[in-house]
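Asker: I'll drop the sequence and a predicted model, then ask my questions.
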Amino acid sequence: MFNIKRTKLKVKTLLVSQPKPEGDKSPYFDLAKKCNVKIDFRPFIHVEGVPAQEFRKDKVNILDHTAVIMTSRNAVDHYFRMCQEMRLTVPETMKYFCVSESTAYYLQKYVLYRKRKIFHGKQTIADLMEVVKKHKQENFLLPCSDIAKEEMAEKLDEQKIKYSKAVMFRTVASDLSDLANVNYDVLVFFSPAGIRSLFKNFPKFKQNKTRIACFGPTTAEAVKEAGLRLDIHAPNPKAPSMTMALEQYIMAANKAAK
């Protein structure tokens, strides 16, 4: 949602705090063309692997587990990276439980795709748990980041399923120093980590006339806790996607600015 009364300033430029979409098709490219605005993309955060030496301190023995829960491609990459760094040979009997079919197919980068040992949900943690519950006899490993959402762990606890959390990668702020003297009309955020990165790079950041857009309730809360004004929030009843919310705001703001 947004309150157009807050400003009648025209929107000409946006910075989206994510990597530029691959290929020629993206709702952001359509938005730029339809609203005649310039959209730049820049990840405010990135993922770094936890070194094997540091991981050993957690005393999680990877090969004690008979199954692995993969909630993202990052989890897949860093699980196999960690095994390589620790010189572990993953047994062919290892079972993989993936949050989505696309994540399951991504496993082919590292293992032969065999339906008897690779399982997947439709897209959500809840979907995946329905599959996991059918294999309660397994000892699961949950590769995750240092700021992983607790939803998966909570559901595993609820079902009394045996598992170990394994922090194999961390989310860190990207270097944005080259943007110090660059101004955008709208900054678009998708996670609390993005907000933290903004202030880590620019501790004296003042919002002034810059509009802040964000996706999701936790990001919205982070915006407010940082003392920033939230101008555009998605999803909402009229705009289930970030691009739809941005389009509605830009059209209204640019019309009001005439």
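Answerer: In hand now; what should we look at? Residues are numbered from 1 along each chain as shown.

Asker: Name the helix or strand for I39, please.
Answerer: I39 is part of strand 38-41, with elements assigned from DSSP states H and E.

Asker: what are the C-alpha coordinates of that strand, in PDB please?
Answerer: Extracted in PDB, the C-alpha atoms of strand 38-41 (Å, rounded to 0.1, in the frame of the first residue of the first chain):
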ATOM      1  CA  LYS A  38      15.300   4.000 -15.300                       C
ATOM      2  CA  ILE A  39      15.700   0.900 -13.100                       C
ATOM      3  CA  ASP A  40      19.100  -0.200 -11.900                       C
ATOM      4  CA  PHE A  41      19.900  -3.400 -10.000                       C
END
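
Asker: Look up how far L198 lies from the closest residue to F41 other than its chain neighbours.
Answerer: Excluding the flanking residues, the one nearest F41 by CB to CB, 6 or more residues apart in numbering is K20, at 3.8 Å. Glycine gets a C-beta too; all of them are placed from N, C-alpha and C. Using CB to CB, to the nearest Å, K20 is found at 19 Å from L198.

Asker: Those two: which is more packed in?
Answerer: The neighbour comparison of K20 against L198 (other CB atoms under 10 Å) goes to L198, with 22 against 13.

Asker: Model confidence at the nearest residue to the more buried one once chain neighbours are set aside, what's the number?
Answerer: Sequence neighbours aside, F205 is the residue nearest to L198 in space, at 6.1 Å (criterion: CB to CB, 6+ apart). The predicted local confidence for F205 comes out at a pLDDT of 94.
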